[in-house]
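> next come a sequence and a model predicted from it.
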Amino acid sequence: MKYDDQLKILVNSVLKLKGIKDQKILDAFMTTPRHEFVPENLRIYSYKDHPLSIGDGQTISQPYIVALMVQLLEIQKTDKILEIGTGSGYQTAILSKLADEVFTVERIDNLARNARKVLKKLQITNVHFRVGDGTKGWIKAFPVCEFFDKIIISAASPEVPESLINQLKDGGILILPCGSRIQQDLIIVRKDGENNTKENHGACSFVPLIGEEGWEN
Ligand code: SAM
């Protein structure tokens, strides 16, 4: 089956049935060719609803988990989003279609370089890349972007990194997988002055967030 047909099945039969209702999000998936982000030897699996290896011990996230996290973020077209863990750049591409600007940080240089190449090929121009420890956020985005409207962490953290909460706008939303290295819960943090509220959206499993405010290694 052609990639286009497989993509239609992924969006219309898998994501919709699993509860992704926002048409803007479904459209973003429909216009993002996931096979471009997958290594050649795994491309036949690109439109299965599974994570896949992208090398360097890392993975491209499962489409449904990307869609769920993006839906929970309640993204507005004017939003500036900080993404920690660029990985393949697939989720970055989805975010770029829903928000104003995306600032993405990846600790592995090779992955960041590949992601940048694919996004360039897809003519996506509202993404800023940085290589480094994303647990400290993106200080250099200031004052271009004083605080982020939304922050998405796509690697598992033992706790919510304090530096990232500090870079979130009041009224903003941060989402992350939080828990052990093996199993986490998908947590939403809503920033409300000094009183942040947390919601748990169920079990998930991600590769570890490695850095000063994540896991040591
Ligand atoms: N959502 C991505 C995609 O669609 O391809 C996959 C992200 S992958 C599950 C998690 C990524 O987080 C990995 O590429 C890993 O190298 C990165 N990572 C882990 N710790 C990090 C840190 N402190 N700063 C930035 N990136 C980090």
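All right, it came through fine. Residues are numbered from 1 along each chain as shown.
> what's around the nearest residue to residue 48 once chain neighbours are set aside, how many residues?
Nearest residue to residue 48, sequence neighbours excluded (CB to CB, 6 or more residues apart in numbering): residue 10, at 8.0 Å. Every residue, glycine included, has its C-beta placed from N, CA and C. Residue 10: 21 surrounding residues under other CB atoms under 10 Å.
> buried sites along the helix-or-strand element of the chain with minimal mean pLDDT?
In the chain, the helix or strand scored least confidently by mean pLDDT, DSSP states H and E is helix 162-166, which has a mean of 94. In terms of neighbour count (16 or more other CB atoms under 10 Å), helix 162-166 has its buried residues at 163-164.
> then stretch 132-139?
Neighbour-count burial for stretch 132-139 flags 133-138 (criterion: 16+ other CB under 10 Å).
> and of those, the nearest to residue 51?
Within those, the smallest distance to residue 51 is 19.0 Å, found for residue 134 (CB to CB).
> which ones are touching that closest one?
The contact partners of residue 134, by CB atoms under 8 Å, 6 or more residues apart in numbering, come to 84-85, 105-107, 153, 209, 211.
> ditto for residue 126
Neighbouring residues of residue 126 by CB under 8 Å, 6+ apart: 96, 99-102.
> what's the farthest-apart pair in these?
Checking the contacts of residue 126 with CB to CB, the most distant pair is 96 and 100, at 9.4 Å.
> which of those two has more residues huddled nearby?
residue 96 (23 against 15).
> what about the more buried one, which helix or strand?
Taking DSSP states H and E as the criterion, residue 96 maps to helix 90-98.
> got the angle for whichever helix or strand comes after that helix vs helix 90-98?
Once the chain leaves helix 90-98, the next helix or strand it forms, by DSSP H and E, is strand 101-106. Angle, strand 101-106 to helix 90-98, by axes from the mean of the first three to the mean of the last three CA atoms, to 10 degrees: 170 degrees.
> packing partners of strand 101-106?
On a contact count with 3 or more CB pairs under 8 Å, 6 or more residues apart in numbering; DSSP states H and E, strand 101-106 meets strand 80-84, helix 90-98, helix 109-121, strand 127-131.
> so the lengthiest strand in the chain, near the ligand or not?
Longest strand in the chain, counting residues (DSSP state E): strand 168-179. No. Using CB under 6 Å from any ligand atom, strand 168-179 stays clear of the ligand, with a minimum separation of 9.0 Å.
> just checking: what are the partner strands of the helix or strand following that strand?
Counting by DSSP H and E, the next helix or strand C-terminal to strand 168-179 is strand 184-190. Strand pairing for strand 184-190, using DSSP bridges, gives strand 168-179 (antiparallel), strand 197-204 (antiparallel).
> so where is this protein shaky, pLDDT-wise?
Across the chain, the ranges flagged by pLDDT under 70 are 140-144.
> so is the nearest residue in space to residue 16 that is not next to it in sequence in a helix, a strand, or just coil?
Of all residues not flanking residue 16 in the chain, residue 26 sits nearest, at 6.8 Å (CB to CB, 6+ apart). For residue 26, the secondary-structure state derived from DSSP: H, G, I helix; E, B strand; the rest coil is helix.
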